[in-house]
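Student: Below: sequence and its predicted model.
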Amino acid sequence: MSLYPMMNLRASRHPSISYRPIRPSDLEVLVKIHGDLFPIRYELEFFHSVVHGRDIVSWGAVDRNSPNGENDELIGFVTARIVMAKESEIEDMLRCDKSRSDQSLVYILTLGVVESYRNLGIATSLIREVIKYASDMPNCRAIYLHVISYNNSAIHLYQKMSFLCVRRLHAFYYIDGQHYDAYLFSYYVNGGRSPCSPLELVTLIMTYMRKGLKLVFSRVSKNTEKNGPKRVKYRDKSCLLPMTQSKRSITIEGPESDHV
Ligand SMILES: CC(C)(COP(=O)(O)OP(=O)(O)OC[C@H]1O[C@@H](n2cnc3c(N)ncnc32)[C@H](O)[C@@H]1OP(=O)(O)O)[C@@H](O)C(=O)NCCC(=O)NCCS
């Protein structure tokens, strides 16, 4: 297996990406890519659960036109776990029948794409697989995940895919002696979104008003730019719902840590 050489290669000029389940033969590459992409170490047990499909669902991306000839080697992955809605931290944000105990959610554990294959839409396709999977489960109400607050590329990706940022969790991650906040993103399926509370409605209206004002402002400034100095383009990273502080704080070392 040409594991290490592959990591140093640039993407082939014409990559031919296809998607398939992750299987036992992917173990070594999967461990390597997780080690390369994430600032924490996962237990071997986690990887065994992924490749054997034990309580974890996963999808892998491979380049059928790989420059190193390894046409079935993972270059991207997403792993997820099905959790009970009742036991989840987003239960209060769901429209679900509280008397039913079978309502579930899909929690994304890890998502990653080898650096030389980024910005080709691979993560987008992997997330689409998860969305399709969750939508096809009649009892599933949402997909959710945590992302560290400084991970702009991932945050951009989730926002682009219409995930809603529903919470900001203070000091959720603890890495190398430092705390970091996390955003909790959620994507509702099968009518899982709870009706807006009056507060959310007000926030929504304010968000749209702000966006409208920004649009007007940017148009006005574009006109003035023609005669004046250039402005830095504004990038909106605001959340749809107000971000609330959570009392929960975890470290991400150890086998029980669920995060991306
Ligand atoms: C996040 C990650 C999975 C994205 O994978 P990818 O295959 O490159 O994603 P896609 O090509 O589908 O989409 C990337 C989008 O992010 C944008 N993007 C990339 N870097 C960005 C940055 N620094 N800031 C803002 N947006 C960025 C791209 O422009 C693209 O958006 P567009 O389609 O609107 O142009 C990849 O960067 C990665 O593996 N990162 C390391 C591991 C990680 O952070 N995982 C997620 C943990 S929550």
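Tutor: That came through, no problem.
Student: Which residues of this structure lie near the ligand?
Tutor: Residues of the chain lying close to the ligand (C-beta under 6 Å from any ligand atom) are 37, 111-113, 118-124, 147, 151-154, 156-157, 160, 260. C-beta coordinates here come from the backbone N, C-alpha and C atoms, glycine included.
Student: what about burial for these, which qualify?
Tutor: Buried by 16 or more other C-beta atoms under 10 Å: 111-113, 120, 122-123, 147, 154, 157, 260, out of the residues of the chain next to the ligand.
Student: and which of the residues you listed is nearest residue 78?
Tutor: residue 111 (4.6 Å; C-beta to C-beta).
Student: give me phi/psi at that closest one?
Tutor: Phi and psi for residue 111, reported as degrees, to the nearest 10, are phi -140, psi 130.
Student: was I right about it contacting residue 124?
Tutor: No - shown here, residue 111 and residue 124 do not form a contact pair, counting by C-beta atoms under 8 Å, at 10.6 Å.
Student: just the strands in the stretch 51-200 of the chain please.
Tutor: Secondary structure of the stretch 51-200 of the chain (DSSP state E, counting those that start in this stretch): strands at 57-63, 74-84, 104-113, 140-148, 164-175, 178-188.
Student: got those strands as a markdown table, with mean pLDDT columns?
Tutor: Shown next, in a markdown table, are the strands of the stretch 51-200 of the chain (pLDDT from 0 to 100):
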| stretch | mean pLDDT |
| --- | --- |
| strand 57-63 | 97 |
| strand 74-84 | 97 |
| strand 104-113 | 97 |
| strand 140-148 | 96 |
| strand 164-175 | 95 |
| strand 178-188 | 96 |
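Student: out of the ones you listed, nearest to residue 29?
Tutor: strand 74-84 (4.8 Å).
Student: That closest one to strand 104-113, inter-axis angle?
Tutor: On the basis of axes from the mean of the first three to the mean of the last three C-alpha atoms, to 10 degrees, strand 74-84 is oriented at 160 degrees to strand 104-113.
Student: Partner strands of strand 74-84 and their direction?
Tutor: Using DSSP bridges, the strands paired with strand 74-84 are strand 57-63 (antiparallel), strand 104-113 (antiparallel).
Student: Dump these to JSON lines, plus distance to residue 79.
Tutor: Output for the strands paired with strand 74-84, formatted as JSON lines (distance: least, C-beta to C-beta, whole Å):
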{"stretch": "strand 57-63", "distance to residue 79": "4"}
{"stretch": "strand 104-113", "distance to residue 79": "5"}
